[in-house]
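Peer 1: the following comprises the amino acid sequence and a computationally predicted model.
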Amino acid sequence: MMIILEPAPQLWTCPNCPATARTTRQANRFHNCGGLSGLLAPMVPAGTVARVTAVVRDDYVNREDVRYDASGRPVTGIITEYADGRSDVVAFAPTAYVRGDL
Ligand SMILES: [Zn+2]
C-alpha cells in the first residue's frame, strides 16, 4: 500500500489590503496590491506580523524605463519587514536605453 502525502495548504494575507490566497507547493505569493497603488507586491503567510512597504525612487528618472505606481510615482522596490527582524526585498530594476547612433 502506498500513501501519497500532500503538502498542507498555505494561506496568505496582505497587510495592506483585504487580499487572501490559498496555495500548495508555492514558496511565495504575489498580487496586484490595492493598498500599494496597484504594485505587484508579496503576500505574507497568514498570521505573520509584517509590514510591506513600497520604496519610492527619490532621484531623477531621465530616460530609464522604471515601474510606476497608480499615482505615477516611480518605485524601486517593495520591502517586507517581519516582526522577528527578517526582511525580504523585491527590486524593480530600471532599464536603460542605448541610442544606436553612438
Ligand atoms: Zn495587498
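Peer 2: Yep, it's here. Numbers count the residues shown, from 1 in each chain.

Peer 1: just checking: what are the partner strands of the lowest-mean-pLDDT helix or strand in the chain?
Peer 2: Scoring the helices and strands of the chain by mean pLDDT, DSSP states H and E places strand 67-68 at the bottom, with a mean of 93. Applying DSSP bridges, strand 67-68 is found paired with strand 74-82 (antiparallel).

Peer 1: measure how far the strand it pairs with is from the centre of its chain, please.
Peer 2: 7 Å (CA atoms, centre = their mean, to the nearest Å).

Peer 1: next one: stretch 12-27
Peer 2: On CA atoms, centre = their mean, the centre of stretch 12-27 falls 11 Å from that of its chain.

Peer 1: near the ion, which residues of the protein?
Peer 2: Cys14, Asn16, Cys17, Ala19, Cys33, Gly35 (CB under 5 Å from the ion). Where C-beta positions appear, they are placed from N, C-alpha and C, glycine not excepted.

Peer 1: ok, 8 Å please
Peer 2: 14-19, 31-36, 41, 43, 52 (CB under 8 Å from the ion).

Peer 1: which among the residues you listed end up buried?
Peer 2: Cys14, Pro15, Asn16, Cys17, Ala19, His31, Cys33, Leu36, Ala41, Met43, Val52 (16 or more other CB atoms under 10 Å).

Peer 1: can you list contacts of stretch 39-54?
Peer 2: 10-16, 19-21, 28-33, 36-37, 67, 69, 75, 77-83, 88, 90 (CB atoms under 8 Å, 6 or more residues apart in numbering).

Peer 1: show me just the buried residues among those residues.
Peer 2: Taking 16+ other CB under 10 Å as the criterion, what is buried in those is 10, 12-16, 19, 21, 29, 31, 33, 36-37, 67, 75, 77-78, 80, 90.
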